[in-house]
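Participant: dropping a prediction and its sequence here:
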Amino acid sequence: ASYVLHPPPWPNALPTLLLAPLLSVLDGLTAAKLLVAVGVVGWPVSIALLLRRFDRAPLLALLVVPTSFDLSFGYGFLHFVLGKPLWALALVAAVDVARGPGDGARPSAGRFALVRLALVLALLFATHLMLFATAVLLGALLIVLCATTWKTRAKALLSTVLGAAPAAWWASSQPPSSGGRTVYPGLVSSLTHLWDNLGDLHSGPVDAVPWVVCGAALVVAVVVS
């Protein structure tokens, strides 16, 4: 087997780069625990910031504390644990950009909201690719819904594009596959195995109930708001 060292930027590399200097002063387990603690604490804090953007009580973020100890935590997926707070902060930045000058912006939005959105998205790409992909789509949706002028929407979407530029460069610069297992299956295959692809789920109703309840709660929340 041969290995090729690709130049940056590359996805899912930031947690490893953060871990490397810590290993010079701490043992590996302690260094990893420190980064995990940052992700666990940062998740509800970032959600509290997102709630404030929508004029909701920040204390409601306490409801997401149990989700700090989810499947990614149990399996030790350091990149996902650290990516969750960045994912929420990307949505916070998207709202701040959408509510720019002339759109009822909050003082906390600041004049560098465009730069902040692009930077957070770039950092999220370097932390966890899947979370980055969903944050780009949700951020763009928030921008379209929250902005009140097309000029603001255009600037905000441009900032999103800039934040996604490293990912676009990385995707376009990958060498062709040498064969083997298909990483990205086709649409029909993906839909056929959609339930299995959601995670370690069983075919019985026990695992289906939480998904159905959360989906119904989402619909109710959107309609009510």
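Facilitator: Right, received. Where do you want to start?
Participant: and Ala90, how far is that from Trp10?
Facilitator: When distance is defined by CB to CB, to the nearest Å, Ala90 is 19 Å away from Trp10. In this view, the C-beta of every residue, glycine as well, is placed from N, C-alpha and C.
Participant: out of these two, which sits in the busier spot?
Facilitator: Ala90 (30 against 17; other CB atoms under 10 Å).
Participant: leaving out chain neighbours, which residue sits closest to that one?
Facilitator: Ala135 (4.2 Å; CB to CB, 6 or more residues apart in numbering).
Participant: can you give me the helices for the chain?
Facilitator: Using DSSP state H, the helices of the chain run over 14-22, 28-53, 71-75, 78-98, 113-125, 129-146, 150-172, 187-192, 194-197, 205-224.
Participant: and the longest one, how far out from the chain's middle?
Facilitator: Helix 28-53 has its C-alpha centroid displaced from the chain centroid by 13 Å (CA atoms, centre = their mean, to the nearest Å).
Participant: which elements pack onto it?
Facilitator: On a contact count with 3 or more CB pairs under 8 Å, 6 or more residues apart in numbering; DSSP states H and E, helix 28-53 meets helix 14-22, helix 78-98.
Participant: okay, angle between the last one and helix 14-22 too, please.
Facilitator: The reference is to helix 78-98. If you take axes from the mean of the first three to the mean of the last three CA atoms, to 10 degrees, helix 78-98 sits at 120 degrees to helix 14-22.
Participant: so helix 78-98 versus helix 129-146, what angle?
Facilitator: Interaxial angle, helix 78-98 versus helix 129-146 (the same axes, to 10 degrees): 20 degrees.
Participant: avg pLDDT for helix 78-98?
Facilitator: Averaged across helix 78-98, pLDDT comes to 93.
Participant: in terms of secondary structure, what does the helix or strand of the chain with the lowest mean pLDDT contact?
Facilitator: None of the helices or strands of the chain scores lower by mean pLDDT, DSSP states H and E than helix 194-197, at a mean of 70. Using 3+ CB pairs under 8 Å, 6+ apart as the contact definition, helix 194-197 packs against no other helix or strand.
Participant: so how far is that helix off the chain centroid?
Facilitator: In terms of CA atoms, centre = their mean, the centre of helix 194-197 is found 20 Å from the chain centre.
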